[in-house]
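S.K.: show me how the following folds:
(chains A and B)
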Number of protein chains: 2
Amino acid sequence: MSTKQKAKKKPASFGDVARSALSVTSDVSLAEIDPSSTPGYTGDKASGTKDLAVVAGELSELQERFFAASRAGAQQKVLLILQGMDTSGKGGIVRHVVGAVDPQGVKHYAFKAPTPAEKRHDFLWRVNKQLPGAGQIGVFDRSHYEDVLIHKVRGLSPAEEIERRYGAINDFEAELVQQGTTIIKVMLHISKDEQGARLAERLEREDKFWKFNPGDIDERELWEAYMGAYESAIERTHTDAAPWFVIPADRKWYARLAVATLLQQALKGINPQWPAADFDVKEQKRRLAAS
Amino acid sequence: MSTKQKAKKKPASFGDVARSALSVTSDVSLAEIDPSSTPGYTGDKASGTKDLAVVAGELSELQERFFAASRAGAQQKVLLILQGMDTSGKGGIVRHVVGAVDPQGVKHYAFKAPTPAEKRHDFLWRVNKQLPGAGQIGVFDRSHYEDVLIHKVRGLSPAEEIERRYGAINDFEAELVQQGTTIIKVMLHISKDEQGARLAERLEREDKFWKFNPGDIDERELWEAYMGAYESAIERTHTDAAPWFVIPADRKWYARLAVATLLQQALKGINPQWPAADFDVKEQKRRLAAS
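M.R.: Below you'll find the model as predicted:
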């Protein structure tokens, strides 16, 4: 590329800046991040929706190459961890972002309250069973972070146990990264007002009742405690190997674009290659012609 | 609806006729079904592609209601079983049809040659573990039918064992249906010529090498034996509870439209309902307003 061409180059795209615009420091204050902001992105909803379609297309192509490379022995995995208060849009990310890639390459799991059988094991036991394999994009809708979030807020475990868990999570995630997993930890950050509006909608529409649970309001009443628990979790588990991203999520279109872009950038970083033929192409063409 | 309105009603849509146009009798002769035909559908590729988008949208809506109903205790499941020769388009169905619904509601599994551990169990053991739960659409890319198809063609099991398996499959599927599963068994029916062209493409394009396996040509050389094995399998396992559909698949657009339509009709038949609120809506509104 000549110097002249370089000079004409377009301004940085959202893909180039998303990671840095959404990364946090371990002493993050959630109150200082505006849930209706759109860090790193200057467009509006209309352009964001268009850009999502473009990113989703790129993501889908990269994912096919990623999956293909694993068939030839590549060991990389991607794990997207989605956390956020009720109504923060985790389900919408799954439908609209994860839904853009081939179901064959996705391992999705929604963590609910642990069953009695699961409770008889360490909190990471059930998580281990849901990890993506080589060439897969794993998606956790909630995760092991519930075991330090709700447990802290509701005192379900003693403080020492929660302390132990932060360390266990860091060890666990560092191990996954060593084994070839790119981890993307996302907190979908909505405002309490926006949650109120979304819960109200669930109480208005017959096709939304099923998403509502009276317990959601119990949790909402502990909003400040949850924000504190998120800050503690980020403080203790924001590592170089597996950093957190806080994504303002009052605007659904922005949160979807942001997560799609983080996934796309992760796959771009892995830079998967189409496997070379492990057979003699000419010979196989001859065999095919004769068959 | 008045008689006058009834008289003006449109001709039957593909959705109304797909099931009957694609159903077979147990003495089906595959040689008599043209793989490039489009049973029940009079449009061309352009209209088929448009219609697929419409059906996919309806499917996606029905699936959400199906999933919602299961949260309130509905026990229905759907299981799509995809069979067909190499290159018949099973992967494309997963990407373009199954990919149209929320990943949250899909349980996809691609059956490969059984592992040594799996071989130590009955052939249905590993299948049981991949069944969809309530509110899920299960998708088998290959299935327990490989255990009567390749086993018959290659003599991997004695004839008596294959006979036993037909019966075991019928019992197994009848049990699933009794437990609330709608089973859609699909054979994607391509011509040997079309397979030749698709394999040739995989040997031409660097981004397709990974899909090619020299073993595919070994199987191709047994084409007639495979057609015979499919006919035997259909003859022995085409039941009222779990009937087979043979879908001409030389035209990818038609096969995708046909499978999407069978899925959509299955969900329409289940007719899932949005769950009623299991809480007092007024009380929860009051609580929300106060929170």
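
S.K.: so for the helix ranked longest in chain A, what gets flagged as buried?
M.R.: If you go by DSSP state H, chain A has its longest helix at helix A:45-71. Neighbour-count burial for helix A:45-71, with 16 or more other C-beta atoms under 10 Å in any protein chain shown as criterion, is recorded at A:48, A:51-52, A:55-56, A:58-60, A:62-70. Heads up, the C-betas are built off the backbone N, CA and C, glycines and all.

S.K.: what's the answer for stretch A:103-110, then?
M.R.: Those would be A:Pro103, A:Gln104, A:Gly105, A:Val106, A:Lys107, A:His108, A:Tyr109, for stretch A:103-110 by 16+ other C-beta under 10 Å.

S.K.: which element follows the longest helix of chain A toward the C-terminus?
M.R.: Counting by DSSP states H and E, the next helix or strand C-terminal to helix A:45-71 is strand A:77-84.

S.K.: which helices and strands does the next helix or strand after that following strand pack with?
M.R.: Sequence order places helix A:90-96 as the next helix or strand after strand A:77-84, per DSSP H and E. Judged by 3 or more C-beta pairs under 8 Å, 6 or more residues apart in numbering or on different chains; DSSP states H and E, helix A:90-96 is in contact with strand A:77-84, strand A:137-141, helix A:252-270.

S.K.: one more time with 6 Å, if that's ok
M.R.: Judged by 3 or more C-beta pairs under 6 Å, 6 or more residues apart in numbering or on different chains; DSSP states H and E, helix A:90-96 is in contact with helix A:252-270.

S.K.: so what's the gap between the helix it packs on and the chain middle?
M.R.: Chain-centre distance of helix A:252-270: 9 Å, with C-alpha atoms, centre = their mean, to the nearest Å.

S.K.: stretch A:232-239 too?
M.R.: Offset of stretch A:232-239 from its chain centre (C-alpha atoms, centre = their mean): 16 Å.

S.K.: what does that stretch contact?
M.R.: Stretch A:232-239 has contacts (C-beta atoms under 6 Å, 6 or more residues apart in numbering or on different chains) with A:Ser26, A:Val28, A:Tyr145, A:Val148, A:Tyr166, A:Ile169, A:Asn170, A:Trp244.

S.K.: neighbour count added to those residues, as TSV?
M.R.: Formatted as TSV, these follow (neighbours: other C-beta atoms under 10 Å in any protein chain shown):
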residue	neighbour count
A:Ser26	13
A:Val28	18
A:Tyr145	24
A:Val148	25
A:Tyr166	15
A:Ile169	23
A:Asn170	16
A:Trp244	26
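
S.K.: could you list which of those belong to helices?
M.R.: Those of the contacts of stretch A:232-239 lying in helices (DSSP H): A:Val148, A:Tyr166, A:Ile169, A:Asn170.

S.K.: which residues of chain A lie near chain B?
M.R.: A:68, A:71, A:94-95, A:98-99, A:102-104, A:106, A:108, A:199, A:203, A:206-207, A:209-210, A:214, A:217, A:220-221, A:274-275, A:277, A:279, A:281, A:284-285, A:287-288, A:291 (C-beta under 6 Å from any C-beta of the partner chain).

S.K.: just to revisit the earlier point, packing partners of the longest helix of chain A?
M.R.: If contacts are counted by 3+ C-beta pairs under 6 Å, 6+ apart, helix A:45-71 sits against helix A:252-270.

S.K.: before we move on, the earlier item: can you put the buried residues of stretch A:103-110 in a markdown table and add distance to A:Arg251 and secondary structure?
M.R.: Shown next, in a markdown table, are the buried residues of stretch A:103-110 (distance: C-beta to C-beta, whole Å; DSSP: H, G, I helix; E, B strand; the rest coil):
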| residue | distance to A:Arg251 | secondary structure |
| --- | --- | --- |
| A:Pro103 | 27 | helix |
| A:Gln104 | 31 | helix |
| A:Gly105 | 28 | helix |
| A:Val106 | 25 | strand |
| A:Lys107 | 28 | strand |
| A:His108 | 24 | strand |
| A:Tyr109 | 27 | strand |
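
S.K.: wait, A:Leu82 touches A:Lys90, no?
M.R.: Yes. The pair A:Leu82 / A:Lys90 is scored as a contact, 4.5 Å apart, by C-beta atoms under 6 Å.

S.K.: what residues are shared contacts of the two?
M.R.: A:Asp141.

S.K.: and A:Gly91, how many neighbours does it have?
M.R.: 15 (other C-beta atoms under 10 Å in any protein chain shown).

S.K.: where does chain A dip in pLDDT?
M.R.: Within chain A, the segments meeting pLDDT under 70 span A:1-11.

S.K.: centre-most residue in it?
M.R.: A:Leu80 (3.3 Å; C-alpha atoms, centre = their mean).

S.K.: tell me the contacts of it?
M.R.: A:Val139, A:Ile184.

S.K.: so it bridges to which residues?
M.R.: A:Val139, A:Ile184 (DSSP bridges).

S.K.: what separation do you get for it and A:Phe67?
M.R.: Distance, A:Leu80 to A:Phe67, using C-beta to C-beta, to the nearest Å: 16 Å.

S.K.: try A:Asp193
M.R.: Counting by C-beta to C-beta - A:Asp193 and A:Phe67 are separated by 41 Å.

S.K.: pretty sure A:Thr38 sits in a strand.
M.R.: No. Applying DSSP: H, G, I helix; E, B strand; the rest coil, one finds A:Thr38 to be coil, outside a strand.

S.K.: run a quick neighbour tally on the residue nearest to it when sequence neighbours are not counted.
M.R.: Counting by C-beta to C-beta, 6 or more residues apart in numbering or on different chains, A:Thr38 lies nearest to A:Tyr254, which is 4.6 Å off, once chain neighbours are set aside. For A:Tyr254, the neighbour count with other C-beta under 10 Å is 23.

S.K.: same question for A:Ala197.
M.R.: For A:Ala197, the count of nearby residues is 12 (other C-beta under 10 Å).

S.K.: tell me which element it falls in.
M.R.: helix A:192-204.

S.K.: buried residues in that helix?
M.R.: A:Glu194, A:Gln195, A:Gly196, A:Arg198, A:Leu199, A:Arg202, A:Leu203.

S.K.: closest to B:Gly228 out of those?
M.R.: A:Arg202 (55.5 Å; C-beta to C-beta).

S.K.: am I right that that closest one is in contact with A:Lys211?
M.R.: Yes. Using C-beta under 6 Å as the test, A:Arg202 is close enough to A:Lys211 to be in contact (5.2 Å).

S.K.: any buried residues in stretch A:146-165, and which?
M.R.: A:Glu146, A:Asp147, A:Val148, A:Leu149, A:Ile150, A:His151, A:Lys152, A:Val153, A:Ser157, A:Ile162, A:Arg165.

S.K.: which two among those residues are spaced furthest apart?
M.R.: Taking C-beta to C-beta, no two of the buried residues of stretch A:146-165 sit farther apart than A:Val153 and A:Arg165, at 13.9 Å.

S.K.: so what's A:Pro214 up against?
M.R.: Contact partners of A:Pro214, counting by C-beta under 6 Å, 6+ apart, are B:Phe279, B:Gln284.
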